[in-house]
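Participant: I'll drop the sequence and a predicted model, then ask my questions.
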Amino acid sequence: MTFDLIVFGHLTHDIIVTSDKGIHESLGGVATYTSLTAAKLGAVVGVVTKVGMDFRDEYLEYLQKAKIDLLGLEVKMGKTTVFENSYDEWGKRTQRLLSHMEPIGSEDIPAAYFNAKCFHFGPVFHEISYDTIKLARAKRILTSLDPQGYCRERGPNHVVELRRWVEAKEVLPYVDILKCDETEAEKLTGTGDLGKAAKLIYGLGPSIVLITQGVKGSILCYEDALERVPVIPAEKLVDSTGAGDAYAAGFIVEYLRTKDPKRSALYASCVASFVVEGVGTTTLPIRGMVMKRLHAFLKRSLEIKNSYH
């Protein structure tokens with residue numbers, strides 16, 4: 001089997017606490033949302049991850065049903081990585097890391113995965129060794145990184161706080177595609193000017209830099225040029241959880257197909273627009289749905305542009 005995408009990172013058990021709906025538990029993590037989205041879009045996907053003996057059978061069955069290859073999933077002694085996300089009545093989140101599974105190293109990659117077109121690294125809390133990323137480059141595999149888990153530290157009472165990723169200069173020369181959100185971009189570079197941040201990250205090694213900004217769209221930097229990518233409107237906004245991971249998956253899948261960064265970023269924006277319309281992974285789109293919405297958006301944009309001439 002030839003794989004399009006292998007996603008690295010801990011599958012997590014998420015506990016969501018809200019003031020109005022009480023407690024809800026679900027499967028989470030970058031690896032979860034990215035792999036499920038890419039598979040739904042038609043990619044052949046595997047994961048490299050570690051979970052504890054407490055990992056729920058229903059989660060495994062869900063991933064298998066979605067046709068995610070689990071050859072790289074190891075069940076170990078100890079506890080699965082668990083996050084508690086508490087939201088107050090204004091929607092502000094406090095995140096706590098309650099348990100953390102052991103790290104993922106290059107020795108954990110199944111031999112069959114080295115024929116993949118792309119490795120996407122999505123750490124949630126420092127679990128992926130830097131040598132694993134460097135190995136992907138050595139094997140000439142397209143290397144993609146979402147660095148959110150490298151920008152976190154655990155403070156008092158297990159509360160997760162953002163910090164600057166001081167080892168970025170060591171790792172980014174081995175990365176082809178870097179995707180982060182605006183807060184992480186500021187932590188990586190020390191500047192809130194996202195155009196400047198994208199250029200600074202680009203200068204550290206990645207050939208493509210993507211900075212997502214939620215409802216404000218995203219910024220794309222490639223070939224030393226900046227492009228602003230519009231947000232594709234969703235029909236409704238229900239839950240933004242996993243939207244950034246879906247964006248990354250959409251970009252990778254389309255980039256593998258076209259090698260066109262701008263087209264792939266638009267496609268990614270459209271994929272994310274579906275994800276926010278439901279809870280979790282309930283509204284993941286297939287390719288036909290994405291292309292239909294994207295074509296309609298581009299047609300409307302052209303009509304608006306022409307109306308001013």
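Facilitator: Cool, the structure landed. Residues are numbered from 1 along each chain as shown.

Participant: Now for the spatially most central residue of the chain: which residues touch it?
Facilitator: Nearest to the geometric centre of the chain sits Asp245, at 2.8 Å (CA atoms, centre = their mean). Asp245 makes contacts with 30, 32-34, 37, 122, 146, as judged by CB atoms under 8 Å, 6 or more residues apart in numbering. Bear in mind the C-beta positions are built from the backbone N, C-alpha and C, glycine included.

Participant: I'd assumed it was in a helix, is it?
Facilitator: Yes. Assessed with DSSP: H, G, I helix; E, B strand; the rest coil, Asp245 lies in a helix.

Participant: Would you map the strands across the stretch 201-309 of the chain?
Facilitator: Ranges of strands within the stretch 201-309 of the chain are 208-212, 218-222, 225-229, based on DSSP state E, counting those that start in this stretch.

Participant: how near is Lys40 to Gly205?
Facilitator: 31 Å (CB to CB, to the nearest Å).

Participant: So which of the two has more stuff around it?
Facilitator: Lys40 (23 against 17; other CB atoms under 10 Å).

Participant: For the worst-scoring helix or strand of the chain on mean pLDDT, buried residues please.
Facilitator: Least confident helix or strand, the chain: helix 287-307 with a mean of 85, by mean pLDDT, DSSP states H and E. Buried residues in helix 287-307, counted by 16 or more other CB atoms under 10 Å: 287, 289-290, 293-294, 297.

Participant: What of stretch 50-63?
Facilitator: Within stretch 50-63, the residues that count as buried by 16+ other CB under 10 Å are 50-52, 55, 59-60, 63.

Participant: can I get those residues in a markdown table with secondary structure and pLDDT?
Facilitator: Shown next, in a markdown table, are the buried residues of stretch 50-63 (DSSP: H, G, I helix; E, B strand; the rest coil; pLDDT from 0 to 100):
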| residue | secondary structure | pLDDT |
| --- | --- | --- |
| Lys50 | strand | 99 |
| Val51 | strand | 98 |
| Gly52 | strand | 98 |
| Phe55 | coil | 97 |
| Tyr59 | helix | 96 |
| Leu60 | helix | 97 |
| Leu63 | helix | 98 |
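
Participant: Farthest pair within those residues?
Facilitator: By the measure CB to CB, Gly52 and Leu63 form the most distant pair in the buried residues of stretch 50-63, at 15.7 Å.

Participant: For the stretch 1-150 of the chain, give me the ranges with low pLDDT.
Facilitator: By pLDDT under 70, the stretch 1-150 of the chain has no low-scoring segment.

Participant: all helices of it, in order?
Facilitator: Using DSSP state H, counting those that start in this stretch, the helices found in the stretch 1-150 of the chain span residues 30-40, 57-65, 130-138.

Participant: and those, which is most packed in?
Facilitator: For the helices of the stretch 1-150 of the chain, the largest average neighbour count (mean count of other CB atoms under 10 Å) is found in helix 30-40, namely a mean of 28.

Participant: With just CA atoms, put that one into CSV.
Facilitator: What follows is helix 30-40, C-alpha atoms only, in CSV (Å, rounded to 0.1, in the frame of the first residue of the first chain):
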residue,chain,number,x,y,z
VAL,A,30,-4.1,17.1,16.1
ALA,A,31,-3.5,13.5,14.8
THR,A,32,-7.2,12.7,15.2
TYR,A,33,-8.7,15.7,13.3
THR,A,34,-6.0,15.8,10.6
SER,A,35,-6.1,12.1,9.8
LEU,A,36,-9.9,11.9,9.8
THR,A,37,-10.2,14.9,7.5
ALA,A,38,-7.6,13.8,5.0
ALA,A,39,-9.1,10.3,4.8
LYS,A,40,-12.6,11.8,4.2
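
Participant: how close does Cys151 get to Thr183?
Facilitator: Distance from Cys151 to Thr183, by CB to CB: 8 Å.

Participant: So for the two, which residue has more residues nearby?
Facilitator: Cys151 (22 against 14).

Participant: before we move on, the earlier item: export the buried residues of stretch 50-63 to TSV and tack on distance to Asp176?
Facilitator: Conversion of those to TSV gives the following (distance: CB to CB, whole Å):
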residue	distance to Asp176
Lys50	25
Val51	28
Gly52	32
Phe55	31
Tyr59	30
Leu60	31
Leu63	26
